[in-house]
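S.K.: Return atomic coordinates for the entry below.
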Amino acid sequence: MVDALAADDRARTDFLKACLTKLGLQVTQNTTTVPSLSSLHISSLDPADTSSILSSLQELITTDGEHQYLKDENDTFRIEKPEAWNMESLQEALPDDSKEDSGKAEEGIVDYNAIVKHLVIHEDVPLSKMTPYFNHHAFYSNLRQYQSQMREGAREFGSSIVYGEVITSTNTILEK
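M.R.: Below is the predicted model:
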């Protein structure tokens, strides 16, 4: 049964891509079955809130050399600040077979719990080039308008968000 599914995988993905394109969505033509993880971006309507989030996590943060890591039950996140690319970041962004192999289980399936995820802490609204598929400026502008029209409880709803294009598990992220 697995062989039959594997044999039809390309036709299945081509059909799904065509359906999504017809709906007006942008679909990558890359045939990679598992997309690489994107960075997670934490931002807030009020920059002080982002700092508060980071300070509330201080007991879970460890330092290894010049990098800070946030470790929990399932994942390890490297805490980063938004900045221009430097040579070290470029080197780390390049594919490395040894890193990839360390995150794979015996069957060749990627063990996402073993991969270090990138958590970008924004002290200001992220630039659109950092998150090209989500406009933080429009989101926070609409949020301000919504909050001005609402009464109690609307002040905090949506004021801090975690955005990522490709993540491992929505449930795991929501629990955090």
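S.K.: Return the distance of the helix or strand hosting residue 138 from the chain's centre.
M.R.: For residue 138, the element it lies in under DSSP states H and E is helix 136-149. Distance of helix 136-149 from the chain centroid (C-alpha atoms, centre = their mean, to the nearest Å) equals 22 Å.
S.K.: could you point out which element follows the helix or strand of the chain with the lowest mean pLDDT?
M.R.: The helix or strand of the chain with the lowest confidence, counting by mean pLDDT, DSSP states H and E, is helix 97-102 at a mean of 48. Once helix 97-102 ends, the next helix or strand along the chain (criterion: DSSP H and E) is strand 116-121.
S.K.: quick one: strands adjacent to that next one?
M.R.: Partners of strand 116-121 in the sheet, by DSSP bridges, are strand 40-44 (parallel), strand 76-80 (parallel).
S.K.: Need the CA coordinates for the last one. CSV is fine.
M.R.: Which is strand 76-80. The C-alpha trace of strand 76-80 is given here as CSV (Å, rounded to 0.1, in the frame of the first residue of the first chain):
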residue,chain,number,x,y,z
THR,A,76,15.1,24.3,21.3
PHE,A,77,14.9,27.9,20.0
ARG,A,78,17.9,30.1,19.2
ILE,A,79,16.9,33.7,20.2
GLU,A,80,17.9,36.2,17.6
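S.K.: Just give the number of residues close to the closest residue to residue 117 other than its chain neighbours.
M.R.: Leaving aside its sequence neighbours, residue 117 sits nearest to residue 77 (C-beta to C-beta, 6 or more residues apart in numbering; 4.9 Å). Quick note: C-beta positions are derived from backbone N, CA and C, even for glycine. Close neighbours of residue 77, defined as other C-beta atoms under 10 Å, add up to 21.
S.K.: ok, residue 77 touching residue 115?
M.R.: No: in this structure, residue 77 is not within contact of residue 115 by C-beta atoms under 8 Å, at 10.4 Å.
S.K.: Leaving out chain neighbours, which residue sits closest to residue 36?
M.R.: Ranked by C-beta to C-beta, 6+ apart and with sequence neighbours excluded, the top spatial neighbour of residue 36 is residue 166, at 6.8 Å.
S.K.: Secondary structure element for the one you found, which one?
M.R.: Going by DSSP H and E, residue 166 is not in any helix or strand.
S.K.: That one and residue 147, how far apart?
M.R.: Between residue 166 and residue 147 the computed distance is 30 Å (C-beta to C-beta, to the nearest Å).
S.K.: same check, this time on residue 66
M.R.: Residue 66 is 38 Å from residue 147, by C-beta to C-beta.
S.K.: So the two - more neighbours on which side?
M.R.: When neighbours are counted by other C-beta under 10 Å, residue 66 and residue 147 differ, and residue 147 comes out ahead with 17 against 6.
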